[in-house]
Structure formats: C-alpha cells, structure tokens
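Colleague: What shape does this take:
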Amino acid sequence: MADRRAMLAPRTDAGRATAEGGVVLLDGPDGVAVTMTADAAARTADSLLEAARQAREQVAARSGNFGAVDGSGESTG
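Modeller: Prediction:
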C-alpha cells in the first residue's frame, strides 16, 4: 500500500470551529466534521499549535533559513 502522506496534498484552507449546545463543532475541508467536548477541543488546539510550530521549523530547516518564523510561516530573518 502506498504511503498515505504521499497520496494526500496538504490543504491551505483552514477548518472552522464553533460552539453549540456546550460542545465544539469543527468543520473542515472536504466535509470533515468532528464534535468534541470543550476539553477535547482545547487539547486538540494545543496539539495542532505544537504540530504547526514543528512543521514551520522543518520548512525553515529544509530551505536553509534558520531565522525566526512568524505566525504566517514566513521567515522574519
């Protein structure tokens, strides 16, 4: 079986989170929909932020640009 990561191109459009009836609803690209408790949503947010930080560092290292990376993923130095 082929590597799943090689088959899927990364999306550039973000998901959208809303709160309704005491739960968090996350609607993403291609019809992805997830309902989570507030605690699960907060842990997911923390995990996503950490993964995004690591991915930006990986892109910077691959491009040979070891300067700081701002919130958009663009190097500041």
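
Colleague: show me where the protein has strands.
Modeller: Using DSSP state E, the strands found in the chain span residues 16-20, 23-27, 33-36.

Colleague: tell me which strands and helices the shortest one is in contact with?
Modeller: With contacts defined as 3 or more Cβ pairs under 8 Å, 6 or more residues apart in numbering; DSSP states H and E, the secondary structure elements packing on strand 33-36 are strand 23-27. C-beta here means a position set from N, CA and C on the backbone, and glycine is covered the same way.

Colleague: contacts for the strand it packs on?
Modeller: Contacting residues not belonging to strand 23-27 are listed as 15-19, 32-38, 40-41, 44 [Cβ atoms under 8 Å, 6 or more residues apart in numbering].

Colleague: Can you give the strand pairings for that strand, parallel or anti for each?
Modeller: In the sheet, strand 23-27 lines up against strand 16-20 (antiparallel), strand 33-36 (antiparallel) (DSSP bridges).

Colleague: Compile these into a markdown table and extend it with columns for mean neighbour count.
Modeller: Below are the strands paired with strand 23-27 laid out as a markdown table (neighbours: other Cβ atoms under 10 Å):
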| stretch | mean neighbour count |
| --- | --- |
| strand 16-20 | 10 |
| strand 33-36 | 13 |
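
Colleague: Out of the strands of the chain, which is closest to residue 51?
Modeller: Checking those against residue 51 by Cβ to Cβ gives strand 23-27 as the closest, at 15.2 Å.

Colleague: Need the CA coordinates for the closest one. CSV is fine.
Modeller: Output of strand 23-27 as CSV, limited to C-alpha atoms (Å, rounded to 0.1, in the frame of the first residue of the first chain):
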residue,chain,number,x,y,z
VAL,A,23,-19.8,21.2,22.5
VAL,A,24,-17.3,22.3,19.9
LEU,A,25,-18.0,21.6,16.3
LEU,A,26,-15.1,21.5,13.9
ASP,A,27,-15.9,21.7,10.2
